[in-house]
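Engineer: sequence first, predicted model second:
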Amino acid sequence: MSPFINDSNIILVSFLPYLFKRPQINDIIIIKHPDKNIKIIKRIRKIHNNKYFVIGDNIRKSTDSRVFGPIDKSLILSKVLFK
């Protein structure tokens, strides 16, 4: 997610915001990778038919919806509130 978030940053996340409202474009989120057993940080770029197109800020090195396709809301774990 570099340049916005680097390895040395401490971030504050919460699952509570999405209990009350839907994820929005430009939200930075933690998701379960659809193909691997890892968590990744991405930004929501597009919402279409209840699917979320997520992208990393480091466009050249990011594994995101350009690779694994749009994701379902069930893969969204939390929202990044503060870096």
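Structural biologist: The structure has been received and is ready for your questions. Just so you know, these numbers come straight off a predicted model, no measurement behind them.
Engineer: switch to C-alpha atoms for all contacts and neighbour counts from now on
Structural biologist: Noted.
Engineer: do a quick rundown of the helices in this structure.
Structural biologist: Per DSSP state H, the chain has helices spanning 17-20, 65-68. These are given in chain order.
Engineer: need phi/psi at the nearest residue to S62 once chain neighbours are set aside.
Structural biologist: Spatial nearest neighbour of S62, chain neighbours left out: G56 (5.3 Å); criterion: CA to CA, 6 or more residues apart in numbering. Phi and psi for G56, reported as degrees, to the nearest 10, are phi -90, psi 150.
Engineer: how many neighbours does G56 have?
Structural biologist: Using other CA atoms under 10 Å, G56 has 23 other residues around it.
Engineer: repeat for the one 4 residues further on
Structural biologist: Applying other CA under 10 Å, we find 7 residues neighbouring R60.
Engineer: quick one, what contacts it?
Structural biologist: For R60, the contact set (CA atoms under 8 Å, 6 or more residues apart in numbering) is empty.
Engineer: tell me the spacing between it and R66.
Structural biologist: R60 sits 11 Å away from R66, going by CA to CA, to the nearest Å.
Engineer: repeat that for F53.
Structural biologist: Distance, F53 to R66, using CA to CA: 8 Å.
Engineer: okay, the two: which has more neighbours?
Structural biologist: Comparing F53 with R66 by other CA under 10 Å, the one with more neighbours is F53, at 21 against 12.
Engineer: for the more buried one, which non-adjacent residue is closest in space?
Structural biologist: In this structure, F53 finds its nearest non-sequential neighbour in P70, 4.5 Å apart by CA to CA, 6+ apart.
Engineer: now the strands for the protein?
Structural biologist: 12-14, 28-32, 39-48, 51-55, 71-72, 76-82 (DSSP state E).
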